[in-house]
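# take this sequence and fold it.
(chains A and B, ligands or ions: 2)
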Amino acid sequence: MLTKLAMTGFQKRWRDYLVLFSGLIMSSAIFYMFESLATNKTFLKQNTGISMVGIIFQFGSVLLTIITLVYIGYANSFLLSMRKRDYGLFMLVGARKGKIGQLIWLETLLVGVTATLFGIIVGTLLTLGLSQLLINSLGLTLHHLSAWYFPAALTTLLLYVGLFLLAGFFNLLALTKTPALKLLHSNDQPNRPKLKPARQLVEVIIGLISIAIGYWSMANLDKLQMAGIGIALVTIVLGTYLLFNAIFVWLVVLSKRLPFANRGLNGFTLSQLSFRIRNYTKILSIVAMLFALALGAITVGMGFHRQVPLMVNGGNAYDMGLVNATHSQQQQIKALNPTTESTYRFKVGPKAVYYRASDFDRNPFITMDQAGHNQLKFTTAHNNAKQLLKSRTSYQLSALQGSAQQRLGTQMLSDAQYAKLTQPEQRLTVFATQDVTAHTAALKQLATSQRHRDAGLTGEMLGGRYTGYQLINSMYSGLQFMGFFLGVAFLAMLASCLMFKILSGAAADQHRYVMLDKIGTRKALLNGALRKEIAVLFILPGIVGVIHVLFGLKMFSFIMVGSPYTGIWLPFLIFAGLYLIYYLITVQIYRRIVLQ
Amino acid sequence: MSTTPIMTVTNLHKTYGKAGSKQYEALKGINFDVNAGEFVGIMGASGSGKTTLLNMLATLDQPTSGEVTINQQPITHLKGNQLADFRAKEIGFIFQDFNLLETMTAYENIALPLTLQNTAAKKIKPAVETVASHLGIAEFLNNYPNELSGGQKQRVAAARALINEPAMLFGDEPTGALDSKSARELLDLFTTINREQAVSILLVTHDPFSASYCQRILFIKDGKIGQELKRADLSRKDFYQQILDTLGTFEQ
Ligand SMILES: Nc1ncnc2c1ncn2[C@@H]1O[C@H](COP(=O)(O)OP(=O)(O)OP(=O)(O)O)[C@@H](O)[C@H]1O
Ligand SMILES: [Mg+2]
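Ligands and ions are numbered 1, 2, ... in the order given. From the prediction side, this is the model:
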C-alpha cells in the first residue's frame, strides 16, 4: 500500500526527478572521467614525464570528492524537499515511522545507485568522445589512454554508494524526527537578510587575508613544494566563502535601496536573491573555485599547446634536411612554399663529412641561438663556412645530415681540396616552411619517402624542426590533454552544480511567476527577471574565478618555458563561450519550469 | 448610483477537456451585468462553476464561447502585452490563499504593481502609505508575509489589488482562510472601499455571511444563473436571513 503511494508520488513528479537524475548522472560521469585519468598510473607516467602531475591529480581527486560531497548534499536536499510533503501526508494518514524510514532509505539508494551506474556509462562515452576530439584537433599522441578503466569505475561507484548511504541515513533522521505538520509546511521558510557590520567586516578581513595567503603560497610554490598547493586550496576556498558571505548580503541589501530597484521587476529579482542568500553563498564559492580550476586547466593546456612551435623553432632554422633529394621530393618541397631552401654538396670520408666551403659562402647556413637567459627568445645567424665552424651552433648542420653521417665531424674544404676527394659527391637539401605545425602531413610524407631510400635512417634522425616537433609534441601531448580534459570536466561539473542548484529552486519559484503573471506582468519583464537573476548567479563566481586564475597561473611558471600569461585571452574567450552556453541552457530550462 | 454597466457578460460557455476526450461543460450560458460601483456576490454549491466563472471574468482563463466586456473593452481575446497591461491597470484580484510573494516585504508586495508600470519612485511611497493606512496595515509594511496573520496578509493582498485604482476588484473566497473576526473586518473594508472609492466588486463565496455584505447576489447551479437576489433597503441581518432561506430552497 505504502509502496504504491510512494510510486504515485514518484510518477507525479517525474519532471523533478528527471532534473535530479540528470544532475546526478552528470556528476558521477564527470567524477569517472577525472578518475579515469587520475587512477591510470601508466598513463600519467608515460605521457607527462613530470612526477608532480601524479600528485596534482591526487589533490584534484580529493578536491573533487569534497565537491561531490557538497553536490550530493544539494541533490539530497532537493530529493528531500520533494518528498517531505508526501511523507508528511503518509504520517498523517497513520503510516508507521519504521515503514517510512525503510522507504526513504530505499528511495535514496535506488536513485543514487541507478544514477551512478548510468553516470559511469556516460562518463566512459564522454571520455572516449572528448579524448578523440582533443587528439584529432590538437594533433596529440597519447599512450595507454583507455576510456573504460575498471579501477576508475570502481572508485566512482564506491564513493557514490558510500555518499548515498550517508544521505539516506541523513534523510531518515531528518524526516522521522520532524513532526508531520512541520513536514507539510516546510517549504515556506523565511529569510530576512541582515546587515551585521561588525561581523561582516571581520569576515571580509579574514577572507582577504586567507586569499592573500593562498595567492602567496601559489606564487612561492618553488619554496613550499606540495604543501603550497594544499595551503592554497584550503585558504582560497575559505576566503572565497567568507567574502561571498559578507559581500553578497551587502550587495543585495544596498542595491535594494538604489532607485533601479523600483523599476520593473528589479525589486523582485533582488528579493529572490536575498531570499536564498545563505544557500547561494556556499554554492557560489564552490562554483568560483571550480571556475578557477577549469579555466586554469584550459589555460595551462593551451599554454603548452602554444609552446610547442616556439620550442621547435628554437631548435633549428630548417624543417628538415634531405640527402640526395629525388626529383619528386624536390617538387614536394616546392609545393610547401619554403621560406628558405639551400643545397650543399658534400663527400663522406672515413673520418668526416667534407663540404665545399664556397657553397656556404654563396648560401649562408642559418643557425638559431638562444638570446640571453630567456629560453624562448632566439637570434638567427647567417653563417658562411668560416663562421659556421667557429659557431657553437654548428651541430645544427650535422643534425640535418641524417643517417650514420651524423656521427662524423664536419669539415669545410676549398674547391681545390674538395675536388681531390675520390668519394662520390652527394647533396644535402635543407629548407624551412613558414610553420612546421601547419605542414606536418606533407613533411611526414617527405620523411617517409626518405626513410624508404635510406635504411639506416630512423624517425628521429632527419633533424630539423620536424623531428623537434615530433619529440616535443609527444612530450607535451599528455600535459595538453590533461589541461583541456580537466578544464572541460571541471567546467561541466561547475555548470551542472550551478544549474542544478538553480533548477532545484525553480519548483518553488513557479507559483511566484504564476502570481506575477496574474497581476499583469508582461512576459518580456518576466523573462528579463529570470535572465537577470540567473545571470547574477553565473557572473559573480565567474569574476572571482577569473581573479583566482590570474593569480593561480603563477604556479605553472616552473613547468612552462616562458610566461604562462601570454595569450591567455584565447582560453578565456573559449571558456566564456562555453560558460555562456551553459547559462543559456539554464535559463531555457528554468523558463520552461516556471513559465510553462 | 450610476446604472451604466462596468461589466457585461453575454452567453458565456466553458467546456473543460479537449474535443474527443472526456468533456465537461462547467458553464452553460451565463448572462449578467455589473453596474459601476456595484458590490455583487456569486454563490453556489461546491462544483457549481463559481471559480470557473470568476477566472473567465478576470482574464485568468479563456471561455469556450461568449463575450465579456469590462469598461466597454472586450476582454476574452486579449493576449500578450495587452492582456498583461489590462490585468495590471483595470482589475485587481484577491484570492483565498493570499498569493503574496513571500520573498518580499508587505511594502514591496503592495508597491509591485506600481514598479511594474515604472511609476516614479517619488509617487510610489505615498501611494503605498495611503492605501496601507486606509486598510489598517501601515505598521506592518516592513514585515514579510510569514510574519503576518492571515487577516493581515489578506489586507496586504487587498492593498496590492487596490493600489492601481482598478475598475473592478475580484475576490475568490477571500475570507475562506480567515477566522470570523478577520473575515468581518475584511468585508467591512470592502464595503468602505466600495462606497468611498466607487470600486466595483465581484465576490465569489459560498458563505452566506460574506454574501450578506453584497448588494446583489447571483446564484449559480449547474453552470447557469439560477436565481438573483437584491438587497435593496434590507438591513444586513435581514438580507442574511433571506440568503439562508434562498439557499435552503435553491439547493434542493
Ligand atoms: N481544469 C479543469 N478541468 C476539468 N474540469 C474542471 C477544471 N476546473 C474545474 N472543473 C470542473 O468544473 C466544475 C466547476 O468547478 P469550479 O472550480 O468552478 O467550482 P466551484 O463552484 O468554484 O466549487 P468550490 O465551491 O468547491 O470552489 C467542477 O465540476 C470541476 O470538476
Ligand atoms: Mg472555487
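# tell me how far stretch B:18-26 lies from the chain's centre.
27 Å (Cα atoms, centre = their mean, to the nearest Å).
# pull out the buried residues from that stretch.
B:A26 (16 or more other Cβ atoms under 10 Å in any protein chain shown). Where you see a C-beta, it was placed from the backbone N, CA and C, and this is true even at glycine.
# list the contacts for A:L290?
A:67, A:490-491, A:493-494, A:497, A:545 (Cβ atoms under 8 Å, 6 or more residues apart in numbering or on different chains).
# nope, A:Q330 is what I meant
By Cβ under 8 Å, 6+ apart, the contact list for A:Q330 reads A:T429.
# check for me that it belongs to a helix.
Yes. Assessed with DSSP: H, G, I helix; E, B strand; the rest coil, A:Q330 lies in a helix.
# number of nearby residues for A:I205?
For A:I205, the count of nearby residues is 12 (other Cβ atoms under 10 Å in any protein chain shown).
# any idea how far A:I366 is from A:Y395?
Using Cβ to Cβ, to the nearest Å, we find A:Y395 at a distance of 14 Å from A:I366.
# quick check: A:G464 vs A:N473, distance?
Going from A:G464 to A:N473 by Cβ to Cβ gives 14 Å.
# neighbour-wise, which of those two wins?
Neighbours were counted for A:G464 and for A:N473 using other Cβ under 10 Å; A:G464 has more, 26 against 22.
# can I assume A:M368 sits in a strand?
Yes. Checked against three-state DSSP, A:M368 lies within a strand.
# what's the closest of the contacts of A:L290 to ligand 1?
Of all the contacts of A:L290, ligand 1 sits closest to A:C497, with 37.5 Å by Cβ to the nearest ligand atom.
# about what we covered before: now, the contacts of A:L290 that are in helices?
A:67, A:490-491, A:493-494, A:497, A:545 (DSSP state H).
# count the residues that sit near A:R392.
Counted by other Cβ under 10 Å, the residues lying close to A:R392 total 7.
# element containing it?
Here A:R392 sits in a region with no helix or strand, counting by DSSP states H and E.
# would you map the helices across the stretch 51-200 of chain B?
Using DSSP state H, counting those that start in this stretch, the helices assigned to the stretch 51-200 of chain B run over residues B:80-90, B:106-116, B:121-134, B:150-162, B:180-196.
# ligand 1 is nearest to which of these?
Proximity to ligand 1 (Cβ to the nearest ligand atom) singles out helix B:180-196 among the helices of the stretch 51-200 of chain B, at 16.3 Å.
# which one of the ones in helices among the contacts of A:L290 is nearest to chain B?
Nearest to chain B among these: A:C497, at 22.9 Å, using Cβ to the nearest Cβ.
# walk me through the domains of chain A.
Listed domain ranges for chain A are A:1-186, A:317-462 (source: automatic domain parsing).
# same list, these, but as CSV with mean pLDDT and distance to ligand 1 please.
Shown next, in CSV, are these (pLDDT from 0 to 100; distance: least, Cβ to the nearest ligand atom, whole Å):
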stretch, mean pLDDT, distance to ligand 1
domain A:1-186, 77, 17
domain A:317-462, 81, 65
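# who's more crowded, A:Y395 and A:I366?
When neighbours are counted by other Cβ under 10 Å, A:Y395 and A:I366 differ, and A:I366 comes out ahead with 19 against 14.
# and the stretch 101-250 of chain B, which residues reach chain A?
With Cβ under 8 Å from any Cβ of the partner chain as the criterion, the stretch 101-250 of chain B meets chain A at residues B:101-104, B:108, B:111-113, B:115-116, B:118, B:121, B:124, B:144, B:146-147, B:160.
# mind running it again at 7 Å?
Of all the residues in the stretch 101-250 of chain B, those in contact range of chain A (Cβ under 7 Å from any Cβ of the partner chain) are B:101-104, B:108, B:112-113, B:115-116, B:118, B:121, B:124, B:144, B:146.
# which two among these are spaced furthest apart?
With Cβ to Cβ as the measure, no two of these lie farther apart than B:N118 and B:N146, at 28.8 Å.
# could you look up the SS state of A:L165?
Classification of A:L165 by three-state DSSP places it in helix.
# that one: neighbouring residues, count only.
The number of residues near A:L165, taken as other Cβ under 10 Å, comes to 15.
# if you skip the residues just before and after it, what's nearest to it?
Excluding its sequence neighbours, the residue lying closest to A:L165 (Cβ to Cβ, 6 or more residues apart in numbering or on different chains) is A:L109, at 7.0 Å.
# do I have it right that the one you found meets A:G162?
No. Between A:L109 and A:G162 no contact is recorded; they are 11.1 Å apart, counting by Cβ atoms under 7 Å.
# more neighbours: which of these two?
A:L109 (15 against 12).
# B:E165 versus the more buried one, what's the distance?
Per Cβ to Cβ, A:L109 is found 58 Å from B:E165.
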